[in-house]
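Participant: sequence and predicted structure are below.
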Amino acid sequence: MTASGGQSTSTSGELLMSAPSPQSYTADEMMTVAAARRLRGGSCFVGIGLPSLAANLARRTHAPDLVLIYESGTIGAKPDLPPLSIGDGVLADTADSVVSVPEIFNYWLQPGRIDVGFLGAAQIDRYANINTTVIGPYEDPKVRLPGAGGAPEIAASCGEVTVIVRQSPRAFVDRVDFVTSVGFGSGPGDRERLGLRGRGPRTVITDLGILEPDPVTCELVLTHLHPGVTLERARAATGWELAAAPGLRETEPPADHELAALRALTGGHRS
Amino acid sequence: MTASGGQSTSTSGELLMSAPSPQSYTADEMMTVAAARRLRGGSCFVGIGLPSLAANLARRTHAPDLVLIYESGTIGAKPDLPPLSIGDGVLADTADSVVSVPEIFNYWLQPGRIDVGFLGAAQIDRYANINTTVIGPYEDPKVRLPGAGGAPEIAASCGEVTVIVRQSPRAFVDRVDFVTSVGFGSGPGDRERLGLRGRGPRTVITDLGILEPDPVTCELVLTHLHPGVTLERARAATGWELAAAPGLRETEPPADHELAALRALTGGHRS
Amino acid sequence: MATVIPLAEAVANLVHDGDSVALEGFTHLIPYAAGHEIIRQGRRDLTLIRMTPDLIYDQLIGMGCARRLIFSWGGNPGVGSLHRFRDAVQNRWPAPLEVEEHSHAGIANAYVAGASGLPFAVLRGYRGTDLPVHTATVKPITCPFTGEELTAVPAINPDVAIVHAQRADRHGNVQLWGITGVQKEAVLAARRSLVTVEEVVEELEPHPGAVTLPGWVITHVSEAPGGSHPSYSAGYSVRDNDFYQAWDAIARDRESFLTWMDEHVLTREAARP
Amino acid sequence: MATVIPLAEAVANLVHDGDSVALEGFTHLIPYAAGHEIIRQGRRDLTLIRMTPDLIYDQLIGMGCARRLIFSWGGNPGVGSLHRFRDAVQNRWPAPLEVEEHSHAGIANAYVAGASGLPFAVLRGYRGTDLPVHTATVKPITCPFTGEELTAVPAINPDVAIVHAQRADRHGNVQLWGITGVQKEAVLAARRSLVTVEEVVEELEPHPGAVTLPGWVITHVSEAPGGSHPSYSAGYSVRDNDFYQAWDAIARDRESFLTWMDEHVLTREAARP
């Protein structure tokens, strides 16, 4: 959910609390640090919640010039603390420019001007399609989720997309119940056929590891396991036969300065 | 010409100086006062030159709440003196709101929000179509004029249109060489067929009199002669067989307060 | 020219059963006071339009004012779900709720088309998603120059648009700043409009980033200080995050919701400055 | 991120023979200094784009820089005709000039489409006029919801956009205010861009009505104090109406035009702050 859905709420609305790691950091902290590292600079269209926290962490550590763009129309926001809502006053007060909502979508997002789109998800499938609309049938849903917000066009138009979502069989499904935002559709060539100009999801960061699309099949495969997580555990948390990439590696654990910066952002309590 | 063409330049670019009247005012002053009187309030999309002068005169006399809108994006401008250019600083400094050029055309003109469009012309024909583009063939013009500017859409979308133009056989032609802005096209029903939503030109004010479209044929007919002007003289200045409306009347001459206000606007020298 | 009148009168004049009503304000300047007045006046069968239906639409839906919802993201920003919205969709309580669902870009452009007097807008959007399967108001359109296929959405022209702003003058000229969202477009697209303001002032001083809506495109202006609470009005108030959190528990249960509404909305008068 | 470099260098980097170049500024903030530098550098075969080609385009055309002109109103605002533009169209002097002619609403929307990454824009315009007879880039389009026929124009995406603004900071963030015309759209639609500014400052203070263009969408910023003369830069200069009047006589005659250009443009250096 890009538009403020809260911290990657589960399908029933509660926060999924990940199990504490044996390390001196939580699995969520590992996930947030890993996500922040993927942002190298340029511009980032930021969803609220985990994406916003990771993008602000990147700006506080290795990417001070990262331009944060929120769908509320704030360009170049520099909040001291991650905003609680997509339209927090601090975003407007610290922005280089505040534009209307039509303008942020039409002049800034749509032309492919923004390097990275940073999204959460309620469900994600093997082709990195995202669902934030309904669980179950649309006309008679088991769970009605908030809906699309800015995500369909962020997923279509940003140079590339990073997804941050906790890994569980409920969230990582073979086929999403509803395609809110297109990853790779049904596989290779679909983005081109649909005229989507961004490269699509390049990285899916979870509390267990990192997934990337296979260069040939576009299917999400595991490229990194976070320290202490086994391949079996990642597979058990995935609703399709999760493949490991040939060069499967262990994620570099959070450095002290990364953890310190993150905890400063979350006010000491672990996110 | 809406966009700054100067004071209704003739086809050769020079100002057409109308002959002085025997009265204590010039024919141009009569024209401007007659034009100002037609503006009763509401909002007016103003071309530069004669339209701007008349609109500002109306605001100074009987229509103080008239909202002036210029295509430079200034809404509710209250200039002390008529601006020399459509984008004079005084328009922005005194406006209620200044918006971008795309916005002024899309959000303000196009939806039919503006009551009166006030245009000049190089040529006008019996169906009140206006030419400000070329005299002669388009590909090999005898005279290349400035072009369309905002006029085509002003003529299409304002609630109604007032035209102010000096009357001469060169300007009042049977058929314009180029339709820059549609009046009534080839006659009744054309505006509806073209999907033009404004009512079109309701009044053409000249230095000799006032023309209005016949309610049945849409052809411009003479409804008023300014004091001292004969029907013959008006006909001689018109390139088609100009008909007089059944109730042809003499224009009320400029009142002292109208002349005083006009001369204050033009800095004493007669426009 | 807008007339400046009390809020209860303005809502009574402008909002009728069966109308389409857009209350806009993108996380900022949300017109809560006006929404509460609609609830108090007992309006029914409204088509509610809003990019981000949040607590105020949860309240309108839960109180049975809405028949239909046109929206792009319906949640409690920073907290989670809207329980009354969910209950209406999942369980038809207190009444069935039709939904017409878009993306933000789609609704924003539909308002732009509405404000521009165009019947539709074109965007790069929706393609490949399941939205067009369920939302009839999304259609393909072909570029007449390149042959490329894009997406069209029809204009939104609400019967009434309601927004909240920082201030207005006595002629009904309105000024708002900070995150200004889609409010200008909503007002310009609507047949009638109401702007509630923090205060009516003698003269509108220029302010960086301010959008000005001239009084002659607005129907009514009503003074409603604090009228955006629990959202905020930059320069006047801050967001009441605690209330957004608290709403989750209040709205989760039908009884506690009705009790809260009775106590905090139904039995209160609109401010009459 | 924009780099702040001298004007001559910026023009040399960005403007090449055969490019499409848009110098925008709607009667205000017209980038004269940059236009003069293009003339000094002897560029040829340019496609010049501008809603209101005025004196600066008269000069570019008269000096033989242009092969093609895309425009909607070509005149000397408040004075009359552009004699060099006329001479090129009527007598092919100094070279033939192709024209692609639109209305203001058409070009404004073509820039909007260009800035929005869309291949075309839709408007209510041109219908019934003779413009579509001669301008191939105007086509009908049908609303997929109502069946109504409207007009489409293709996006304008210039190779280079050049605008003048009041100020920039050292990171190339630009601020302009007053009548801001179509400049934001032109810069965002272009592949490369140059903004000349009255001054480079340490920090951009908020200003009512200001549009900010972040440095990361601009290629180069160049300091060019007075660079909008004889137009004006609100807060820095006023319009030189006398020069606009004088231009009529200067430009009427080919010889007097060339003499003036030689003396006032060709033999002067661009300001090098």
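Facilitator: Nice, thanks for sending it over. Small disclaimer: the values here were computed from a predicted structure and weren't measured.
Participant: only C-alpha atoms from now on, for both contacts and neighbour counts.
Facilitator: Noted.
Participant: ok, the residue of the stretch 101-250 of chain C found nearest chain D - how many residues close by?
Facilitator: Among residues of the stretch 101-250 of chain C, the one nearest chain D by CA to the nearest CA turns out to be C:P208. It sits 3.8 Å away. Around C:P208 sit 14 other residues, with neighbours defined as other CA atoms under 10 Å in any protein chain shown.
Participant: list the contacts for it?
Facilitator: For C:P208, the contacting residues are C:W177, D:P206, D:H207, D:P208, D:G209, D:A210, by CA atoms under 8 Å, 6 or more residues apart in numbering or on different chains.
Participant: among these, which are in strands?
Facilitator: If you go by DSSP state E, the contacts of C:P208 have nothing in strands.
Participant: spatially nearest residue to A:F105, not counting backbone neighbours?
Facilitator: C:A105 (5.8 Å; CA to CA, 6 or more residues apart in numbering or on different chains).
Participant: can you list the weak-confidence ranges in the stretch 151-271 of chain A?
Facilitator: Within the stretch 151-271 of chain A, the set of residues satisfying pLDDT under 70 comprises A:268-271.
Participant: tell me the SS of the residue of the stretch 1-150 of chain C found nearest chain B?
Facilitator: Going by CA to the nearest CA, chain B is nearest to C:G117 of the stretch 1-150 of chain C, at 3.9 Å. The three-state label for C:G117, taken from DSSP: H, G, I helix; E, B strand; the rest coil, comes out as coil.
Participant: residues contacting it?
Facilitator: Contact analysis of C:G117 by CA under 8 Å, 6+ apart lists B:N106, B:Y107, B:Q110, B:P111, B:G112, C:A189.
Participant: just want the phi and psi numbers for it.
Facilitator: Here the main-chain torsion angles of C:G117 (degrees, to the nearest 10) amount to phi 70, psi 30.
Participant: give the other helices and strands that the helix or strand harbouring A:R202 contacts.
Facilitator: Counting by DSSP states H and E, the element that carries A:R202 is strand A:201-205. Helices and strands touching strand A:201-205, by 3 or more CA pairs under 8 Å, 6 or more residues apart in numbering or on different chains; DSSP states H and E, are helix A:27-37, strand A:160-164, strand A:209-213.
Participant: turn those into a markdown table, including distance to chain B.
Facilitator: Formatted as a markdown table, the helices and strands packed on strand A:201-205 follow (distance: least, CA to the nearest CA, whole Å):
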| stretch | distance to chain B |
| --- | --- |
| helix A:27-37 | 38 |
| strand A:160-164 | 30 |
| strand A:209-213 | 42 |
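Participant: including distance to A:A234 and mean neighbour count, could the ones you listed go into JSON lines?
Facilitator: Below are the helices and strands packed on strand A:201-205 laid out as JSON lines (distance: least, CA to CA, whole Å; neighbours: other CA atoms under 10 Å in any protein chain shown):
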{"stretch": "helix A:27-37", "distance to A:A234": "13", "mean neighbour count": "24"}
{"stretch": "strand A:160-164", "distance to A:A234": "15", "mean neighbour count": "24"}
{"stretch": "strand A:209-213", "distance to A:A234": "8", "mean neighbour count": "25"}
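Participant: wait, which of the ones you listed is closest to C:N157?
Facilitator: Using CA to CA as the criterion, the shortest distance between C:N157 and the helices and strands packed on strand A:201-205 is 33.8 Å, found for strand A:160-164.
Participant: what's the closest one packed up against?
Facilitator: Packing partners of strand A:160-164 (3+ CA pairs under 8 Å, 6+ apart): helix A:27-37, strand A:116-119, strand A:201-205.
Participant: run through who's touching it.
Facilitator: Outside strand A:160-164, the residues within contact range by CA under 8 Å, 6+ apart are A:31, A:35, A:50-51, A:115-121, A:154-155, A:198-206.
Participant: could you do stretch C:83-97 as well?
Facilitator: A:140-144, C:57-59, C:61-64, C:66-69, C:74, C:98, C:248, C:251-252, C:254.
Participant: go on, stretch C:228-248?
Facilitator: Contacts to stretch C:228-248, defined as CA under 8 Å, 6+ apart, come from residues A:84, A:88-89, C:27-33, C:55, C:76-77, C:79-83, C:164-166, C:177-178, C:198, C:226.
Participant: okay, how far is it across that stretch, tip to tip?
Facilitator: With CA to CA, to the nearest Å as the measure, stretch C:228-248 spans 19 Å from end to end.
Participant: buried set for it?
Facilitator: When neighbours are counted by 16 or more other CA atoms under 10 Å in any protein chain shown, the buried residues of stretch C:228-248 are found to be C:228-234, C:237-239, C:241, C:244, C:247-248.
Participant: pull the most distant pair out of those.
Facilitator: Based on CA to CA, the longest span within the buried residues of stretch C:228-248 runs between C:A234 and C:D248 and measures 24.6 Å.
Participant: helices of chain A, start to end?
Facilitator: Here chain A has its helices, by DSSP state H, at A:27-37, A:50-60, A:89-94, A:101-103, A:151-157, A:190-194, A:231-236, A:256-265.
Participant: the shortest one near chain C anywhere?
Facilitator: This points to helix A:101-103. Yes. For helix A:101-103, a contact with chain C is found by CA under 8 Å from any CA of the partner chain, at A:V101, A:P102.
Participant: next one: that helix to chain centre, how far?
Facilitator: Relative to its chain's centre, helix A:101-103 lies at 22 Å (CA atoms, centre = their mean, to the nearest Å).
Participant: give the other helices and strands that it contacts.
Facilitator: Counting contacts by 3+ CA pairs under 8 Å, 6+ apart, helix A:101-103 is packed against helix C:104-115.
Participant: what's in contact with the helix or strand just after the helix it packs on?
Facilitator: Going down the chain from helix C:104-115, the next helix or strand is strand C:120-123, by DSSP H and E. In this structure, residues lying in contact with strand C:120-123 by CA under 8 Å, 6+ apart are A:106, C:105-106, C:109-110, C:112-114, C:141, C:150-155, D:118, D:121-122, D:143, D:145.
Participant: for strand C:120-123, which strands pair with it and how are they oriented?
Facilitator: When pairing is defined by DSSP bridges, strand C:120-123 lines up against strand C:149-154 (antiparallel).
Participant: now the element after the strand it pairs with, going C-ward?
Facilitator: Beyond strand C:149-154 in the direction of the C-terminus, DSSP H and E gives the next helix or strand as strand C:160-169.
Participant: filter the contacts of strand A:160-164 to the buried ones?
Facilitator: Members of these that pass the buried threshold by neighbour count (16+ other CA under 10 Å) are listed as A:31, A:35, A:50-51, A:115-121, A:154-155, A:198-206.
Participant: for C:Y236, which three-state class applies?
Facilitator: Classification of C:Y236 into helix, strand or coil gives coil, according to three-state DSSP.
Participant: err, C:T212, not the other one
Facilitator: C:T212 falls in the strand class when you classify it by three-state DSSP.
Participant: next up, the contacts around the residue lying closest to A:L81 once chain neighbours are set aside.
Facilitator: With sequence-adjacent residues excluded and distances taken as CA to CA, 6+ apart, A:L81 is closest to A:L265, at 5.6 Å. Applying CA under 8 Å, 6+ apart to A:L265 gives the contacts A:L53, A:L57, A:D80, A:L81, A:P82.
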